[in-house]
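>>> need a 3D model of the following:
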Amino acid sequence: MGEYEPKIEVHFPTSVLAAKGVTVRLECFALGNPVPTITWRKINGIFPKKARLRKSQAVLEIPNIQLEDSGTYECKAENTRGGTAFKGHLLVYTLPQWVRMINDTQMDSGEKLQWECKAIGRPRPTYHWIRNGLPLTSQGRVEIANGELTINKVQQTDSGMYQCVAENKYGAIFSNAELKILASPPVFVPNPIRVIATLGKDVSLECKPKASPKPRITWKRGDRRIQPNKRIMVLRNNTLKIFNSSRADEGNYVCRAENQLGSAEMTAILWVKEAMRVVLSPSRVEVTVGESVVLSCKATHDTSLDVAFQWFFNQNPIDFQQDGSHFEYIQTQTSTVDLMIRSILLKHAGKYGCRAQTSADTVFAEAELLVRGPPGPPGVVIVEEITDTTATLSWTRGLDNHSPISTYNLQARSPFSLGWQTVKTDPDPVTGDMESSMAVELSPWVEYEFRVVASNAIGTGDPSTPSRKVRTKEAVPAVAPSNVSGGNGRRHELVISWEPVSEEFQNGEGFGYIVAFRANGTRGWKEKMVTSADATMYKYRDETFPPLTPFEVKVGVYNNKGDGPFSKVVIIHSAEGEPREAPSDVKAYSISSSEIKVTWKPPNPGPGKPRGYEVSYWKEAEQEESGEKRRTVKNETSMVLTGLEGNSVYLITVKGFNSIGQGPASAAVTAKTRKSPPAQPPSNLMWIQEGNNISLSWDPVKAKDNESDVIGYMVLLKQEGRGHIQVTRTINPSTMLSLPEGGTYSIEVHALSEGGEGAFSSQVRVVTSSGVRAKSSQCSVHRPTRCLTWTVLILVLLVPSASW
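Model prediction:
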């Protein structure tokens, strides 16, 4: 099929009407070969960001459509043969929405009412007015123009409920308001009023009656109406104003208000008093940080008037509760108050004001407080020039706080310092008239920050802001490694160690060490380079020199700038090597079925002295590699091997070791552990008591062929509630026990053999009372029925229980 131009099939008309808030879908399908590409645009506005394209951009979907989404949209289909486009207009309609509404209003009769309501919507809304439920039209005093309502010279008949209605073809909205027309005769509250004026000052007598409609106002003094002149006039708001008042102006003034509903009068009683004078002393005072000062405020005023005082600092009222640690208000007399300022700080410098107020007058006086203190911080510190050991600094002068700056202190901080440290300067000292200096004796190739601190006769101030970080230039190292030592190592090794030089003293990049050494008594030095700045050791190996050969050793430093100094020469011996001989006279013998004791003698003295010994052991039928090894804690010459199997032959070797390695092993010796102790516990325990004595017997234990022969027995006697155990040994299957005091006792028996201790018998418990003796009779615990001849004086129990 050949290529052809695209054709568009459109699923929206040339004009689309949509309600605000809904989702609109515009469909535009195109056919063509090659398949055309569809694009959308808004011709007369910004394409909505919220719009979504679906189905290969054939569908344009606009959610929550708004008024600004209205406009002409175009879909265009294009391929290599050409293109075609279609336009459609989207119109969004909305119900009216209020932009301005009317509100309840109160007016005096005769005034002019102007109301305006305004709404937006599409189509544009129209307006009409309703009063008390009836349509309102332009007529007489009423004028209506769209959303504007004007009523001239309102009357009582105009009172009521008004509605402004805005509507279009999709709906209507209402705005309601009530209009009240006030009507009342004049009323004065309060009445009379009393006014106190200051001699020579202006005074105003207000006349503000409540009345509707507005009343006509007249003023009179006594029976005569007041005629305005240069000193007395009636202002537009009906206030009577008297300029430059005098004693002659004292008296009663009457304001009369009158409208068509009535009239009323208000009397203003005027007194003219002498002007108040306030003295604040001292008017200017200088103090030093930490001192205290008292400011006194005295008012001279008419004694018939009360006076109130208030203190201010830099025009702000002083809060004595919040600032009580520094400020105190002191009332010394009726007309005098003091301000105590304690422990003064620099921030307390400024203007202090005292305001005295009576019902006639208000007077304000100020005093200035200057505070001398340590200087403020100097300005920005700039590093002008930097070398390997110096830095030229400049700064700007800070506040001297009313005491001349005497000296500056330069401080530096680096990654290697403990905080800020004072540095030496050139010149020294840095006097207060200087604003630059040189810091000297710095370390090369170290990153520094600098700051400046000013001092005066009062003290030392706060430091400046730190400078930017700068690094001094590189230099040849000047510090040699310390604590050069060595020793140990393997045979034929010379081990040299030292404390590394701190980065602070490496003075540049490419830092490393030069290790120099020579055999004692020789002339030429061997030098080896160690390139790691963190290195702490160098090992030199030469199989030609014997153990413990003395060497002269020194360690130097270098960096990219050159070689630095060497350390002092020290004598270091080469390694003595691992032990060279095996221990001698190794012996081993069994001490139980699970233990063998091994003893030996150390090798002859010489290089390679052992620091400890390792004992290897394995069963006769096994390989040495499968055996176990144990080491002495120190340089002991004996060891007890534990946890062995009974009646077994073990092979044992001993070798010395030190930090270098292990020496040769001794020849293997053998030892056989003893047979295991009898597994059968003593049984058939018989118990007879006579007084405080217990006669105990049991059946003998017979060892099996693979067990050690019985050589005796051990009897354990324990009083319950106490930790002490009484141990009795016997070669016979019986013994006599003595009970120290009354109480509950437990008894156990086990066999003894060369292989160790056998199993415990069952435990028996004996309960007896203190101080009670039984008659001389005998009774076997296995035949309790034959004990009827006893006088029952004690209670005896034989109770088997678990071993403890």
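>>> and residue 75, what's its pLDDT?
With respect to pLDDT, residue 75 scores 89.
>>> for it, list each beta-bridge partner.
residue 40, residue 86 (DSSP bridges).
>>> name the nearest residue to the residue nearest in space to the middle of the chain, sequence neighbours excluded.
Closest to where the C-alpha atoms of the chain average out (C-alpha atoms, centre = their mean) is residue 419, at 22.8 Å. Leaving out its chain neighbours, the residue that sits closest to residue 419 by C-beta to C-beta, 6 or more residues apart in numbering is residue 413, at 6.6 Å. For the C-beta atoms, the positions are set from N, CA and C on the backbone; glycine is no exception.
>>> can you confirm residue 625 is in a helix?
Yes - judged by DSSP: H, G, I helix; E, B strand; the rest coil, residue 625 forms part of a helix.
>>> residue 514 bridge partners, please.
residue 529, residue 556.
>>> still on that earlier bit, check the residue nearest to the centre of the chain and give its pLDDT.
At residue 419, the pLDDT recorded in the model is 94.
>>> wait, residue 460 sits on residue 453?
Yes - the criterion here is C-beta atoms under 8 Å, and residue 460 meets it with residue 453 at 6.0 Å.
>>> domain parsing for the chain?
Each domain of the chain is listed here as a residue range: 4-93, 101-182, 184-273, 277-372, 382-471, 482-567, 584-672, 683-775, per the TED database.
>>> now distance to residue 577 too, for those, in JSON lines please.
As requested, these are arranged in JSON lines below (distance: least, C-beta to C-beta, whole Å):
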{"stretch": "domain 4-93", "distance to residue 577": "84"}
{"stretch": "domain 101-182", "distance to residue 577": "104"}
{"stretch": "domain 184-273", "distance to residue 577": "113"}
{"stretch": "domain 277-372", "distance to residue 577": "74"}
{"stretch": "domain 382-471", "distance to residue 577": "41"}
{"stretch": "domain 482-567", "distance to residue 577": "3"}
{"stretch": "domain 584-672", "distance to residue 577": "5"}
{"stretch": "domain 683-775", "distance to residue 577": "43"}
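>>> out of those domains, nearest to residue 574?
Nearest to residue 574, of all the domains of the chain, is domain 482-567, at 4.5 Å by C-beta to C-beta.
>>> gap between the two ends of that closest one?
Domain 482-567 has an end-to-end distance of 7 Å (C-alpha to C-alpha, to the nearest Å).
>>> what's the burial count for the residue nearest to residue 419?
Residue 413 has 17 neighbours, counted by other C-beta atoms under 10 Å.
>>> three-state assignment of residue 347?
Residue 347 ends up helix, using three-state DSSP.
>>> which residues of the stretch 701-804 of the chain fall in strands?
710-719, 725-730, 734-738, 743-753, 756-760, 764-768 (DSSP state E, counting those that start in this stretch).
>>> phi, psi of the closest residue in space to residue 612 that isn't next to it in sequence?
Spatial nearest neighbour of residue 612, chain neighbours left out: residue 632 (4.9 Å); criterion: C-beta to C-beta, 6+ apart. Dihedral pair for residue 632: phi -70, psi 150, per degrees, to the nearest 10.
>>> now do the same contact list for residue 632.
Contacts for residue 632 (C-beta atoms under 8 Å, 6 or more residues apart in numbering) come out as 612-615, 639.
>>> roughly how far apart are it and residue 641?
Counting by C-beta to C-beta, to the nearest Å, the gap from residue 632 to residue 641 is 12 Å.
>>> list residues touching both of the two?
residue 615.
>>> looking at the strands of the stretch 701-804 of the chain, which is closest to residue 579?
strand 756-760 (35.7 Å).
>>> and that closest one with strand 710-719, angle?
On the basis of axes from the mean of the first three to the mean of the last three C-alpha atoms, to 10 degrees, strand 756-760 is oriented at 50 degrees to strand 710-719.
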